[in-house]
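> Fold the following.
(one chain, ligands or ions: 1)
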Amino acid sequence: MTFKKLAELFTAAMMIANASALLPASAEDTVLHNAGFENGTDGWSSFGGPSVTSSSVTAHGGTSALFISGRNDSWQGAALSSLLQAGKTYQFSAWVFSQTSDTIQLTLKYTDGSGNPQYKGIGSADSAGAWAEISASYDIPADATDILVYFQTASGTNDFFVDDVVIKGEAGWSTEALDKTPLKDVYAQYFKIGCAATPSEINTPISQDIVKHHFNSLTPGNELKPDAVLNQAGSQANGDNVTPAISFDAARYTLKFCEENHIPVRGHVLCWYSQTPDWFFKEGFKSDGQLVSKDIMNQRLENYIKAVMSQIKTEFPHLDIYCWDVVNECYMDDGSLRPAGTNPKNQESYWSLIYGDNSYIEKAFTYARQYAPEGTKLFYNDFNEYIPAKRDAIYDMVSALKEKNLIDGIGMQSHLDVGYPDANLYKQCIEKFNQLGLEIQVTELDITDYDNGADSAKQVQAYHDIVNTIVEEKKAGANITALVFWGITDGTSWRSTGAPLLFNSDYSLKQTYKEVEALIPESEWGQSETEEITESESEETETEEITESESEETETEEITESESEETETEEITESESKETEKNVSVSKLGDATLDEAVNIVDVIAVNKAVFGKESLSPEGLANIDFNKNQKADSDESLALLKYIVGLVTEEDLRNF
Ligand code: GLA
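The predicted structure is shown next:
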């Protein structure tokens, strides 16, 4: 389908949507999603490629909003999936902001009963330097599948902001899981019970409640992987070829959720052949650079691990990352080292390529031991470890690390199927690893049944056999410290067609859940430890928060002021504008207000000048007159905004 066609469809659908916006709400008023983007993208992600981040440049409520930038087409934007259900009615409210004049739209995408993609307008609002509300109601067709909603613009590719998205409707999910004894208490005497989750899996009230109720370990699904943490522009800007820049923009939502709810985190993962950008291995951190030497790579690895540890401590002072997968997936099923090469999709590893052997593993553990907070448990993690050749290669490697006191545990991912492996093979692996005297964690358990689907007799039996083996091995003395499921519901699992988890898509309990619960007799259920923050810690947080919000409040107030003033456009007389035509040189690029800082206040000042409300001082104008036309214009205001959020460099402004 062409984009023109899409646009036509959108316009037609918009008329229908506007009509439905007038209808009285028929669904219940449950808040299903409430995104303020204070700690991250709240489960919204890139739709079609642009950058989607939480930004404090401007906000409707609170201090941050979702910032969508780097778009190549009007349909590109930010999407939310896995919330809406077919046949239900929802009310949407969202605030949108564009620096330039734009119509920002909320669009529904789904696959219809005949398998065709459909795009329907839900609602839109016009913004030109002021926040505007999209408010609409929409009935999702009964035959819809793969449903998502996304923000886009009606035309053009301008950046825009979204804030305070509220979706209300009929809950459509089961809360029975919340009436059960928490699984973490059922297993309290044995080991932690965990789940992996991406932000979109924990952005609804029910999923958050389930995680808080049942799990005392959470693994961010993707957000602590190198490709989510490393920042290429920042790494290049560091300029020394060995210090990578990092950011927790992707992880912040999940880590804040865990910090606020005292949920211990499995850090996953520091060093891996996959989901690691290739520029990390190249000269100058450039995608087309030459491969770096082993010596340079050692320094990068050390600096990366050091930065991750120290920045987590600074940004999330009360977060408990109780263990880290330091290295993931280095061996093949036959026990050989992962092949050297530049194509991870083909199982190849840059690490093997640069080092020529497995010595990078010891380096990674050495740095992790050096920089991780004391007491953090360090793990090697892999899959198919029940295959004897692979198991033994890992055993030998880990054994050497243990000699040097560099490792605390082995992670068995355990992405299994009802057909393989049998529980006996799995047991042999636990027993072999246990000889090392280290912790063992089951880090990513899911058991598919691609032939018979959810809760087949085979699947329930497989869950019984595998988890029972884990419990029995623990009883027999194996130091198993966590059992983590890779995901929460079958609907959002990475292997959803094999329905491999404990919860159905609507969060009702599967038979697999009941089987796992029933393995522990009620007489053995206990109370899992809860993380406590000391009084002084909590006081500290309060003080920090007050200071932060106070200083940011001022910014928000100023934005509102400029918004209302922007609308009252006055004309600048010729003589006034001539006044600015003086030959003044640049004192600090971007500093319109001459306060020695470059921030949103300067953007506001430029806007006031653009709209003729206030003029800039000659020095202020010189600092923002990037196109040297002796006046402030909206292109410059936008460029300044981009500069502040790090999308363009000072050099870009100079070469405007
Ligand atoms: C591996 C990784 C996980 C995850 C799964 C697939 O097991 O360790 O991080 O990527 O694959 O989702």
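> so where is the stretch 501-650 of the chain shaky, pLDDT-wise?
Applying pLDDT under 70 to the stretch 501-650 of the chain flags residues 530-583.
> mind redoing it with 50?
Low-confidence segments of the stretch 501-650 of the chain (pLDDT under 50): 533-582.
> so which residue of this protein comes closest to the ligand?
Trp494 (4.0 Å; Cβ to the nearest ligand atom). From N, CA and C alone the C-beta is placed, and that goes for glycine too.
> May I have the secondary structure class of that residue?
coil (DSSP: H, G, I helix; E, B strand; the rest coil).
> Tally up the residues packed near it, please.
Look at Trp494: counted by other Cβ atoms under 10 Å, it has 15 neighbours.
> Strands along the stretch 251-400 of the chain, start to end?
265-272, 321-328, 377-382 (DSSP state E, counting those that start in this stretch).
> Check the stretch 1-150 of the chain too.
Using DSSP E, counting those that start in this stretch, the strands of the stretch 1-150 of the chain run over 30-35, 45-47, 51-55, 65-69, 77-81, 89-97, 102-111, 117-127, 132-139, 145-153.
> Tell me which of those strands is the most buried.
Greatest average neighbour count among those goes to strand 65-69 (a mean of 26), per mean count of other Cβ atoms under 10 Å.
> Parallel or antiparallel, which strands does it pair with?
If you go by DSSP bridges, strand 65-69 pairs up with strand 51-55 (antiparallel), strand 160-169 (antiparallel).
> Which SSE is immediately downstream of the longest one?
Counting by DSSP states H and E, the element after strand 160-169 in chain order, helix or strand, is helix 183-186.
> what does this protein put close to the ligand?
His268, Asn328, Phe383, Gln413, His415, Glu444, Trp494 (Cβ under 6 Å from any ligand atom).
> are any of those residues buried, and which?
His268, Asn328, Phe383, Gln413, His415, Glu444 (16 or more other Cβ atoms under 10 Å).
> which phi and psi does the fourth one have?
Note on Gln413: backbone dihedrals following degrees, to the nearest 10 are phi -60, psi -50.
> I'd say it and Tyr386 touch.
No: in this structure, Gln413 is not within contact of Tyr386 by Cβ atoms under 8 Å, at 10.7 Å.
> what sits against the spatially most central residue of the chain?
When Cα atoms, centre = their mean is applied to the chain, the residue found nearest the centroid is Ala250 (3.5 Å). Counting by Cβ atoms under 8 Å, 6 or more residues apart in numbering, Ala250 touches Gly40, Thr41, Pro199, Asn222, Glu223, Ala228, Val229.
> same check, this time on Pro141
Pro141 neighbours (Cβ under 8 Å, 6+ apart): Ala86, Gly87, Tyr110, Asp112, Gln118.
> Give me the pLDDT for the closest residue to the first one other than its chain neighbours.
Yep, that's Ala86 we're talking about. Once flanking residues are discounted, Ala86 sits nearest to Ala144: 4.4 Å by Cβ to Cβ, 6 or more residues apart in numbering. Per-residue pLDDT puts Ala144 at 95.
> Any buried residues in stretch 279-288, and which?
Using 16+ other Cβ under 10 Å as the test for burial, stretch 279-288 gives Trp279, Phe280, Phe281, Lys282, Phe285.
> Tell me the one among the contacts of Ala250 nearest to Leu640.
For the contacts of Ala250, the residue nearest Leu640 by Cβ to Cβ is Thr41; the value is 23.6 Å.
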